[in-house]
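J.: After the sequence you'll find the predicted model.
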Amino acid sequence: MFIITRSGTFNYDTKYQGATAKPVSCIKDDKELSKDGYLVNHGRVLVGSGLQTYEKGKAALQSWRHFGLNWAFVDPKTPIQNGVKFCVCVKEFLPWVMMPLQVVYVKENKMAKKKKAVASFGFGSGTLQGHLLAGEERFSIELDENDQVWYEVLSFSKPAHFLSFIGYPYVQLRQKYFAHQSANAVLKNV
């Protein structure tokens with residue numbers, strides 16, 4: 001297992017740490033984020049229904065299978081716990097690039113509503129010094145009151161390196177592509 005032990009601190013403003021734990025509408029309506037140059041990326045996909053599908057989706061997130069792509073991965077043994085530092089390895093035009101991050105929070109909720117289980121599991125990770133972007137990303141799986149299971153990716157980011165600044169429109173497209181590919185990876189595991 002490869003976990004970063006010597007990396008810098010977060011490369012984005014501390015007032016935004018944990019911001020992706022808020023509902024999507026709060027992030028999209030946050031004037032401070034946009035004023036500070038951050039752009040929001042959001043994707044939500046129906047991956048199935050029922051408690052069994054939810055549990056499989058949760059297990060997929062906990063073992064990083066949403067990163068089971070041929071061009072991006074995280075070591076599946078990396079624990080999803082507050083404070084754990086890790087790398088997302090991405091292959092683009094250059095050789096593999098390592099993007100350092102740290103788990104900012106982990107949230108899990110379970111409750112029963114009118115004889116139906118409602119549950120959610122998710123975590124947010126923030127970018128560290130050395131990452132090409134500055135910001136935060138949340139991955140979550142939710143079993144809603146209609147017994148439907150949703151996979152969601154929510155992030156806000158801005159360039160933190162010369163390369164990402166000059167290629168930011170491309171970076172934004174890749175973020176959307178990643179959300180789509182990540183949803184497909186989750187679908188394979190539910």
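T.: Great, that's in hand.
J.: where exactly do the strands run in the chain?
T.: 39-49, 72-73, 85-90, 97-113, 116-127, 133-143, 148-159 (DSSP state E).
J.: how many other residues sit next to residue 28?
T.: 13 (other C-beta atoms under 10 Å). From N, CA and C alone the C-beta is placed, and that goes for glycine too.
J.: check contacts around the closest residue to residue 143 other than its chain neighbours.
T.: Nearest residue to residue 143 in three dimensions, chain neighbours excluded: residue 54, at 3.9 Å (C-beta to C-beta, 6 or more residues apart in numbering). Applying C-beta atoms under 8 Å, 6 or more residues apart in numbering, one finds that residue 54 lies in contact with 117, 119, 141-143, 149.
J.: For residue 54, give its distance to residue 103.
T.: To residue 103, residue 54 is 21 Å away according to C-beta to C-beta, to the nearest Å.
J.: where are the low-confidence patches of this structure?
T.: 1-7, 94, 112-117 (pLDDT under 70).
J.: So in it, which helix runs the longest?
T.: The longest helix of the chain (DSSP state H) is helix 168-188.
J.: Mind giving me the packing neighbours of that helix?
T.: Applying 3 or more C-beta pairs under 8 Å, 6 or more residues apart in numbering; DSSP states H and E, we find helix 168-188 packed against strand 39-49, helix 51-62, strand 133-143, strand 148-159.
J.: Return the most buried member of the ones you listed.
T.: For those, the largest average neighbour count (mean count of other C-beta atoms under 10 Å) is found in strand 133-143, namely a mean of 24.
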